[in-house]
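[1] quick one, what's the 3D model for this:
(chains A and B, ligands or ions: 2)
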Amino acid sequence: MTLETQRKLNDINVMVAGQGGDGSLTVANLLGVLVGRSGFRMFTSRDVASRIKGGHAAALMRASIAPRGCMGDALDLLVAFDEEAVERGGPWLAENGFVIFDSSGGPAPREHLPAGATVYEIPFARLAVRDLRRDLFKNSLGFGVVARILSVPDDEAADVLSRRFAHLPPRVAEANLGALRAGFAYADDNGLTEGAGPLTLDRAAASDRIHISGNEAVAFGFLAAGGRFFTGYPITPATEILTWLERMLPRFGGVAIQAEDELAAVNMAIGAAMTGTRSMTATSGPGISLMQEGVSHLGSAEIPLVVVDCQRSGPSTGMPTKPEQSDINMVVHGGNGDFPRIVLAPSTPDDCFELSVAASNLAQRIQGPVYLILDQAVSQDSVTTAPFAVDAVQLAAGKRLDADDLSATSEYRRYAVTDDGVSPWAVPGTPAGMSLVTGNERNEWGQVDTAAANRVAMVDKRARKIAAVRDDLPLGRRWGDPDATIGMLGIGMELGAMAEATERLAARGFPVSGLQPRTLWPVLDETVEFIRDHERVYIVEHNAEGQLSHLIASVGAPHDRLRSILKYDGIPFRPGALAARILDAEGVAR
Amino acid sequence: MTTTYQPAIPIWCAGCGHFGVQAAMNGAIRTLEIPPHETMILAGIGCSGTVQNNLGTYGYHALHGRVLPTAAGVHLAGHLVHSFRRNASFTYVVMNNGVYGLTKGQNSPTFQSNGSAALEFDAISLGLSIPSTTFLARGFARWTDQLDRLMLAAVEHARAGRGFAFIEVLSPCVTYNDTYPVWEASLHDLDADGDHDPADRAAAFAKLTALAETGRMVVGQIYLADDAGPADPLPRPAAEDTSPTTNAQAYAELLGRYRV
Ligand SMILES: Cc1ncc(C[n+]2csc(CCOP(=O)(O)OP(=O)(O)O)c2C)c(N)n1
Ligand code: SF4
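    Ligands and ions are numbered 1, 2, ... in the order given. The predicted model follows:
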């Protein structure tokens, strides 16, 4: 390969796939570190079967100079450890893409690959090194070939590998370096000489960045917002929040508990929240279903709690490892009775961090439930981003009374009717602050009371709490051409694909403007105005019934301007496909 | 003096066992001179779930069947712990009447379908089978002297941080399931039984089982671990300094782990 025929990339999409438990993620991780050194940002994702060992598993990685929040349209490189990986990844390979295939069991099934693809068949098994775990070996060997394809100097690849294995016994590290060299040797035999592969990587200035998932960012935001009590019950794709906080909270004097089920989880969190400790619980759709009574109780008894829903495909147990946004109806409307609640919906990890902090503060201010809803992709995909502004975090305590405040007043009514609906409260243990807390309708003292006038006063008081914070609710993110007549709107994982589809459409002379509402409930005026300001708005969402679209229409957005773009196959949008759906809907030739 | 809510007058039917339970709880709090702001009574939904309204302490009305996890949350978050003393535990009182009183008399899981006195579902036996149990007692609403004594012992046990104190009170519902006569006739008082050693778990279990087979129920201090000392101090999240400035350094270090 001469330098003239090299393709220089500033955006590369890679899939490493094989059987689950086979260590497919390692090559992707190594590659991530390698391209990170060239100033690339990373988007990493997984596609796994819902079982522990076995089943198809793929690590997806996109490295780009521009920040990207989704996989690109086509794969540039596929590292396939078995035939199934070729079957699944092949149709998604670019016309001029590259494949590294473990040919121990026979040649690559070419019928699944585009005609222009270049395939390197490596019999990993025959090159096997004794005393070496085969999966590690495969990964190191494969990484050697990948480095040559990308024209990376051998020393640089070796350095990345050595650092990766630095914490392992020298014997293991040395064996892997041996495997890497076997990869180089194989590459030499196949015309892939050092520094002269078919692809090269662009370079950008490296800056201070972190690589983190949405779930980790939510957990971090909770900690930074002073959260010190967490309960959870394991469920995909929310479990990482539980495990992160189980590790971290004890170091900050906090407590994280794995409860016996979601009913116990929400009620324990309610108990902790009553003591004034900032508390949170996290689960996915099935757990949120079980927690509905608890959430309604938070609204009635006026107890501050953050409830996280990492949405997955439903209904019922659905497709546990696949993303969906089909709990919108449940979180916005679920639970018995009328009660105030706030629903926030972050997209990227930095958004997850910010909204997690906002959710904790808002829960204290409204003394009630605040939902934070993610989807599997937002929860579990990791993105390279600027470090979170941890030192900018501020805590809003809400209206609290301590012993001094109480001694200065003649009366303490836990549920005092106030102008903004928020009743100042004293936590249990505060002298002279004795109170009754109940989910039943009650009077200002907390005593059960079903008198009509009291009932109306209490429902209205609780409702006013939302109006009191409305102006401080997080506004949406915008992109695209503000003067465009066509709009695009979506939440969570749709942001990455929508923002990139907007660029594609603009390049085709079709400008659109975009909005990612971050406050889902109450629906903010800006959302309704966004619909009014455009002739048509495409509502992009992952569910079959258009739940987001119905929600927006229900608060007065003109129905005739809304166009649903729905997807419920468990696969995130790719930017090109999304742009194509909009062009098709607009009747514009692609 | 700050005026807070006025304790309520119990809503129970005359003769309801729950009066005995409340009197014993009140007695224990008064005897130990625990200020009302250092006590929190959490109760479920039902006739039993109104007792917290009547004593002037902090009170919480839990969701139906969920009082235990909520109490655990309050306990683990630790603000009350801070007010009592470090690592105090809590007292759990089961008011057993075999029925759902408030919803007008349907059978509850502890209903004795065969008309006998022996409990078909016995929380005390269950408690005995759990190694970490430290305090198990059963009282009868009408045997007030003993009930007062047991309640006091339970609250003291919890306050001393010796662990979770479980006390079941046979508290008949005169309106829907008047078990006063059957229960009273079948009680075997362990406290009056010269050869019962409450520290002997196996003997307690054997006795309970043997008596149940003859249709009798035990009351008294059934089990009390003799080695139940204060457990390791628990964290107290409610008392932690969570200010961003105090924790800035630690948060920055944590963020550093994600640097690429
Ligand atoms: C989820 C739910 N289901 C049913 C009820 C209705 N309910 C209210 S009180 C009660 C039974 C109360 O019985 P128990 O706890 O034994 O107390 P008691 O009234 O006998 O003292 C029931 C079933 C409820 N409040 N919540
Ligand atoms: S109905 Fe039964 S349990 Fe309820 S107050 Fe009356 S006697 Fe007590």
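[2] in which helix or strand does residue A:95 reside?
    Per DSSP states H and E, residue A:95 falls inside strand A:93-102.
[3] give me the next element, helix or strand, following that strand.
    Tracing the chain C-terminally past strand A:93-102 and defining elements by DSSP H and E, one meets strand A:118-122 next.
[4] how about the CA coordinates for the strand holding residue A:95, as PDB?
    Extracted C-alpha coordinates of strand A:93-102, given in PDB (Å, rounded to 0.1, in the frame of the first residue of the first chain):
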ATOM      1  CA  LEU A  93     -19.900  -2.900   6.700                       C
ATOM      2  CA  ALA A  94     -18.900   0.000   4.500                       C
ATOM      3  CA  GLU A  95     -18.400  -0.900   0.800                       C
ATOM      4  CA  ASN A  96     -14.600  -0.400   1.200                       C
ATOM      5  CA  GLY A  97     -14.500  -1.800   4.800                       C
ATOM      6  CA  PHE A  98     -12.000  -4.200   6.400                       C
ATOM      7  CA  VAL A  99     -12.600  -7.500   8.200                       C
ATOM      8  CA  ILE A 100     -10.300  -9.400  10.500                       C
ATOM      9  CA  PHE A 101     -11.700 -12.900  10.800                       C
ATOM     10  CA  ASP A 102     -10.800 -15.900  13.000                       C
END
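[5] where does residue A:15 sit: helix, strand or coil?
    At residue A:15 the chain is in strand, as set by DSSP: H, G, I helix; E, B strand; the rest coil.
[6] do the same with residue A:347
    Three-state call for residue A:347 (three-state DSSP): coil.
[7] average pLDDT across the strand holding residue A:95?
    In this model, strand A:93-102 has an average pLDDT of 95.
[8] any idea which helix is longest in the chain?
    Went with chain A since none was named. Ranked by residue count and defined by DSSP state H, the top helix of chain A is helix A:170-189.
[9] oops, wrong one, chain B.
    Chain B, longest helix under DSSP H: helix B:144-159.
[10] so which elements touch that one?
    The helices and strands touching helix B:144-159, judged by 3 or more Cβ pairs under 8 Å, 6 or more residues apart in numbering or on different chains; DSSP states H and E, are helix B:18-31, strand B:91-96, strand B:135-140, strand B:165-170, strand B:217-224. Just so you know, the C-beta spots here come from the backbone N, C-alpha and C atoms, and that holds for glycine as well.
[11] what is the neighbour count of whichever residue of the stretch 51-200 of chain A sits closest to chain B?
    Residue of the stretch 51-200 of chain A nearest chain B, by Cβ to the nearest Cβ: residue A:63 (11.3 Å). Look at residue A:63: counted by other Cβ atoms under 10 Å in any protein chain shown, it has 26 neighbours.
[12] quick check: it is in a strand.
    Yes: counting by three-state DSSP, residue A:63 is found in a strand.
[13] list the contacts of it.
    Residue A:63 makes contacts with A:11-12, A:14, A:31-32, A:35-36, A:40-43, as judged by Cβ atoms under 8 Å, 6 or more residues apart in numbering or on different chains.
[14] show me which of the residues you listed neighbour chain B.
    Applying Cβ under 8 Å from any Cβ of the partner chain, the subset of the contacts of residue A:63 adjacent to chain B comprises A:32, A:36, A:42.
[15] tell me how many other residues surround the last one.
    Neighbouring residues of residue A:42 were enumerated by other Cβ under 10 Å; the total is 23.
[16] my guess is it contacts residue A:65. True?
    No: using Cβ atoms under 8 Å, residue A:42 is not in contact with residue A:65; the gap is 11.4 Å.
[17] all strands for chain B, in order.
    With strands called from DSSP state E, chain B shows them at B:40-43, B:58-61, B:91-96, B:99-100, B:106-107, B:135-140, B:165-170, B:187-189, B:217-224.
[18] who in the stretch 51-200 of chain B is up against ligand 2?
    Within the stretch 51-200 of chain B, the positions near ligand 2 by Cβ under 6 Å from any ligand atom are B:97, B:101, B:173-176.
[19] what residues sit buried inside stretch A:464-481?
    Across stretch A:464-481, burial judged by 16 or more other Cβ atoms under 10 Å in any protein chain shown covers A:464-466, A:468-469, A:473-474, A:476-477, A:479-480.
[20] could you tell me which of those residues belong to strands?
    Cross-referencing the buried residues of stretch A:464-481 against strands under DSSP E gives A:477, A:479-480.
[21] those into CSV, with extra columns for pLDDT and distance to residue A:583?
    Shown next, in CSV, are those (pLDDT from 0 to 100; distance: Cβ to Cβ, whole Å):
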residue, pLDDT, distance to residue A:583
A:477, 98, 23
A:479, 98, 18
A:480, 98, 15
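[22] just the closest of those to residue A:304, please.
    Nearest to residue A:304 among these, counting by Cβ to Cβ, is residue A:477 at 26.2 Å.
[23] which residue packs closest to that closest one, ignoring adjacent ones?
    Spatially, and ignoring its direct neighbours in sequence, residue A:477 is nearest to residue A:516 (4.5 Å; Cβ to Cβ, 6 or more residues apart in numbering or on different chains).
[24] check contacts around that neighbour.
    Listed by Cβ under 8 Å, 6+ apart, the contact set of residue A:516 reads A:347, A:476-478, A:489-491, A:494-495, A:498.
[25] over to it: give its phi and psi.
    Dihedral pair for residue A:516: phi -110, psi 100, per degrees, to the nearest 10.
[26] ok, and the closest non-adjacent residue to residue B:199?
    In space, and not counting its chain neighbours, residue B:199 is closest to residue B:226: 4.0 Å by Cβ to Cβ, 6+ apart.
[27] tally of neighbours for that neighbour?
    Residue B:226: 10 surrounding residues under other Cβ under 10 Å.
[28] how close does it get to residue B:258?
    51 Å (Cβ to Cβ, to the nearest Å).
[29] next one: residue A:193
    Counting by Cβ to Cβ - residue A:193 and residue B:258 are separated by 36 Å.
[30] okay, those two: which has more neighbours?
    Neighbour count, other Cβ under 10 Å: between residue A:193 and residue B:258, residue B:258 has more, with 20 against 13.
[31] I'd say that one and residue A:217 touch.
    No: contact status for residue B:258 versus residue A:217: not in contact, 9.2 Å apart, counting by Cβ under 8 Å.
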